[in-house]
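Enquirer: A predicted structure for the sequence below; I have some questions about it.
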Amino acid sequence: MADLIPNHMHCSTCNKAIPYVDPKRADTSDRTCSPEHKMDLDELNKKRKRSMYTMYALMGLAVLVLILSSSGFFPR
């Protein structure tokens, strides 16, 4: 019979097996295997958040330009 694998999860940075923690209650230190990987994950999350805000700002600017151009704000 096959051995049962204990309940575990994987480090978000290096994919190493770590003890399971409920993801709803876990902070970033619980999802990584070391403090260095926690810092890497925090930095990656900051970059993702910054790029999402940039994308939303560019999309809002594009919508604003479309609205202004359809209302005749820009001369032909």
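Expert: Received the coordinates, thanks. Numbers count the residues shown, from 1 in each chain.
Enquirer: Tell me where the protein is predicted with low confidence.
Expert: In the predicted model, the chain carries pLDDT under 70 at residues 1-2, 26, 28-29.
Enquirer: ranges for the strands of this protein?
Expert: 8-10, 17-19 (DSSP state E).
Enquirer: Select, out of these, the one closest to Met59.
Expert: strand 8-10 (33.6 Å; CB to CB). (C-beta placed from N, C-alpha, C; glycine too.)
Enquirer: Run the chain-centre distance for that closest one.
Expert: Relative to its parent chain, strand 8-10 has a centroid offset of 19 Å by CA atoms, centre = their mean, to the nearest Å.
Enquirer: And for stretch 45-57?
Expert: Distance of stretch 45-57 from the chain centroid (CA atoms, centre = their mean) equals 9 Å.
Enquirer: Then stretch 40-56?
Expert: The answer for stretch 40-56 is 7 Å, by CA atoms, centre = their mean.
Enquirer: Can you dump the C-alpha atoms of that stretch in PDB for me?
Expert: Extracted in PDB, the C-alpha atoms of stretch 40-56 (Å, rounded to 0.1, in the frame of the first residue of the first chain):
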ATOM      1  CA  ASP A  40      11.200  38.200  -1.900                       C
ATOM      2  CA  LEU A  41       7.400  37.400  -1.900                       C
ATOM      3  CA  ASP A  42       6.600  40.800  -0.300                       C
ATOM      4  CA  GLU A  43       8.700  42.600  -3.000                       C
ATOM      5  CA  LEU A  44       7.000  40.600  -5.800                       C
ATOM      6  CA  ASN A  45       3.500  41.500  -4.300                       C
ATOM      7  CA  LYS A  46       4.500  45.200  -4.200                       C
ATOM      8  CA  LYS A  47       5.600  45.100  -7.900                       C
ATOM      9  CA  ARG A  48       2.300  43.300  -8.900                       C
ATOM     10  CA  LYS A  49       0.200  45.900  -7.000                       C
ATOM     11  CA  ARG A  50       2.100  48.800  -8.600                       C
ATOM     12  CA  SER A  51       1.700  47.400 -12.100                       C
ATOM     13  CA  MET A  52      -2.000  46.800 -11.500                       C
ATOM     14  CA  TYR A  53      -2.500  50.400 -10.400                       C
ATOM     15  CA  THR A  54      -0.600  51.600 -13.500                       C
ATOM     16  CA  MET A  55      -2.800  49.500 -15.700                       C
ATOM     17  CA  TYR A  56      -5.900  50.900 -14.100                       C
END
